[in-house]
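In: got a predicted structure plus its sequence, pasted below:
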Amino acid sequence: MKAKNYGPVKGQAYTRKEYVKGFPPPKIVKFTMGDTKGVWDYEARLIANERKQIRHVALEATRVATNRVLIDKLVNDYLMQVLPFPHIILRENKMIFGAHADRLQQGMRRSFGRTIGTAARIEPGQTIITVRVKAKDVEVAKESLKRGLAKLPLTCRIVIEKLEPKVEAKEVETEDDAGEVDAE
């Protein structure tokens with residue numbers, strides 16, 4: 001089983017879990033890490049340059065590598081999100097080649113294949129991971145995304161954007177219409 005066999009996007013997405021026996025759950029433990037209630041100045045995004053399928057184990061390896069750098073340098077002063085969800089079911093029809101393999105394999109007779117994992121389809125320009133940090137920690141976010149990028153089977157670019165400060169809407173007090181009398 002080679003990872004390069006499942007990288008190219010071919011055919012329709014196969015996601016019908018009700019027909020698959022023994023569907024393997026995705027290995028991604030968490031999709032959101034860090035402080036979810038913080039106020040951030042900058043957002044660093046990992047954006048795909050090409051169309052590919054990323055297996056769930058590659059997404060988890062990317063998440064772990066990126067998060068490790070952030071935890072070591074920023075402790076809990078960041079927000080990281082993994083955006084794609086691996087919902088495509090990957091199958092493999094195992095064949096045994098070599099001496100006496102004719103007794104063990106079925107060939108194309110029952111070639112539906114067994115599930116071996118899941119993958120997420122990525123389109124060009126799609127964001128894979130976002131990291132939100134304070135202004136002083138932009139370089140740490142950039143470094144963490146570079147570490148995570150090494151685990152992915154596609155080329156990506158890192159884009160850093162300044163976030164707009166949130167303006168909280170003040171509640172406007174409305175006057176009660178106490179002067180009106182109901183006419184019955």
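Out: Sure, I can see it.
In: ok now the strand ranked longest in the chain, how far from the chain's centre?
Out: Counting by DSSP state E, the longest strand found in the chain is strand 114-122. Chain-centre distance of strand 114-122: 13 Å, with C-alpha atoms, centre = their mean, to the nearest Å.
In: strands paired with that strand, and their directions?
Out: According to DSSP bridges, strand 114-122 forms sheet pairs with strand 52-55 (antiparallel), strand 88-92 (antiparallel).
In: buried deepest among the ones you listed, which one?
Out: Most buried of those, by mean neighbour count (mean count of other C-beta atoms under 10 Å): strand 52-55, with a mean of 22. From N, CA and C alone the C-beta is placed, and that goes for glycine too.
In: what's the longest helix in this structure?
Out: The longest helix of the chain (DSSP state H) is helix 56-74.
In: who does it touch, helix- and strand-wise?
Out: Judged by 3 or more C-beta pairs under 8 Å, 6 or more residues apart in numbering; DSSP states H and E, helix 56-74 is in contact with strand 32-34, strand 79-82, strand 114-122, strand 127-133, helix 138-149.
In: what lies in contact with the fourth one?
Out: Just to be clear, that refers to strand 127-133. Here strand 127-133 makes contact (C-beta atoms under 8 Å, 6 or more residues apart in numbering) with 34, 38, 40-48, 54, 62-63, 66, 70, 74, 77-84, 122, 140-141, 144-145, 148, 152, 156, 163.
In: which of those residues are buried?
Out: By neighbour count, with 16 or more other C-beta atoms under 10 Å, the contacts of strand 127-133 hold 34, 40, 42-48, 54, 62-63, 66, 70, 74, 77-82, 84, 122, 140-141, 144-145, 148, 152, 156 as buried.
In: ok, back up a step: got a markdown table for the helices and strands packed on helix 56-74, with mean pLDDT and distance to Arg16 too?
Out: What follows is the helices and strands packed on helix 56-74, written out as a markdown table (pLDDT from 0 to 100; distance: least, C-beta to C-beta, whole Å):
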| stretch | mean pLDDT | distance to Arg16 |
| --- | --- | --- |
| strand 32-34 | 93 | 28 |
| strand 79-82 | 95 | 24 |
| strand 114-122 | 87 | 11 |
| strand 127-133 | 96 | 25 |
| helix 138-149 | 96 | 31 |
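In: now do the lowest-mean-pLDDT helix or strand in the chain against helix 56-74, angle only.
Out: When the helices and strands of the chain are scored by mean pLDDT, DSSP states H and E, strand 88-92 comes last with a mean of 82. Here strand 88-92 runs at an angle of 130 degrees relative to helix 56-74 (axes from the mean of the first three to the mean of the last three C-alpha atoms, to 10 degrees).
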